[in-house]
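Visitor: structure for the following, please:
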Amino acid sequence: MTTRDAGLTGMVSMMLTRRPAAASVGAMPKPRARRFADAARELLRDTLFDAASELLEQRSWSETRMADIAKVAGVSRQTLYKEFGSRQGFAQAYILREAERFLAGVQEAVSRHDDDPRAALAAAVEVFLTTAAEEPLIMAIVRGDAGDGLLPFVTNQAGPVLGFATDRLGEILGEIWPKTSEHSVHLIAENMVRLAISHAASSTAPASEVAEGMAELFGPYLEKVVGAPGA
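Guide: Numbering: from 1, shown residues only. Down below sits the predicted model:
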């Protein structure tokens, strides 16, 4: 274990030992050792993903070595491979972490306009595209060469992102508009995800303009299955 590895472990240990005086060990939802392991792993993964983002602001994915990521994160290369198994495994986990963050913003945008489906759709798309334009990972995919190996994770049906994002967006829409049929929710989610990823990877217009266009395209159907404002 490197000095930085030990430091990360120490930070997690300090956080976990600070608990309210009234709390008892018996009331904890799971053993303290398990909580420590989970917190330590989450901290390690986030530190490595953030290191990758920092590097991708300066270079392409093909130019970024696993050893570089480990060095910036302050851990050993062996620690990185032990956690993710391979470069491909790291890339997949990293992309899914970023997808979850994007979708959290989308969920908030949709929730603010739950009484106006068309406005909700426009807001969600604009949030996604604006965030994507500032995200080092998306920029690396856009400017990367054919050997980068990241694009299939995002655009290929066999990759992890399309399925995950479609299912997660479907869950979000189903929670906000619970009376909408599962078929309609999935249809909206899948096509929104595909178009949003396409625009993020190869933008031809400002985010607000793309968002309005998608709202114009999907709005009538969404209002039909969810309900028009004031209906």
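Visitor: how about Thr204, secondary structure?
Guide: On the three-state scheme (DSSP: H, G, I helix; E, B strand; the rest coil), Thr204 is labelled coil.
Visitor: tell me how many other residues crowd it.
Guide: Using other CB atoms under 10 Å as the criterion, Thr204 is surrounded by 7 other residues. All C-beta atoms are positioned from the backbone trio N, CA, C, and that covers glycine.
Visitor: any idea how far it is from Leu129?
Guide: Remark: distance between Thr204 and Leu129 (CB to CB, to the nearest Å) = 11 Å.
Visitor: contacts only, for the residue nearest the centre of the chain.
Guide: Closest residue to the average C-alpha location of the chain: Ala99 at 2.1 Å, with CA atoms, centre = their mean. Shown in contact with Ala99 (CB atoms under 8 Å, 6 or more residues apart in numbering): 161, 164-165, 168.
Visitor: likewise for Tyr81?
Guide: Met66.
Visitor: now whichever strand or helix holds it - C-alpha only, CSV.
Guide: Per DSSP states H and E: Tyr81 is located in helix 77-84. The C-alpha trace of helix 77-84 is given here as CSV (Å, rounded to 0.1, in the frame of the first residue of the first chain):
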residue,chain,number,x,y,z
ARG,A,77,-1.1,0.9,-10.5
GLN,A,78,-1.7,-2.5,-8.8
THR,A,79,-4.5,-0.9,-6.7
LEU,A,80,-6.2,0.3,-9.8
TYR,A,81,-6.1,-3.0,-11.6
LYS,A,82,-7.2,-4.9,-8.4
GLU,A,83,-10.4,-2.7,-8.3
PHE,A,84,-11.3,-2.8,-12.0
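Visitor: what average pLDDT does it get?
Guide: Taken as a whole, helix 77-84 carries a mean pLDDT of 94.
Visitor: which of the residues in that helix are buried?
Guide: By neighbour count with 16 or more other CB atoms under 10 Å, helix 77-84 contains the buried residues 79-80, 84.
Visitor: report the angle between the helix or strand following that helix and helix 77-84.
Guide: Downstream of helix 77-84, the next assigned helix or strand under DSSP H and E is helix 87-112. Orientation check (axes from the mean of the first three to the mean of the last three CA atoms, to 10 degrees): helix 87-112 against helix 77-84 gives 60 degrees.
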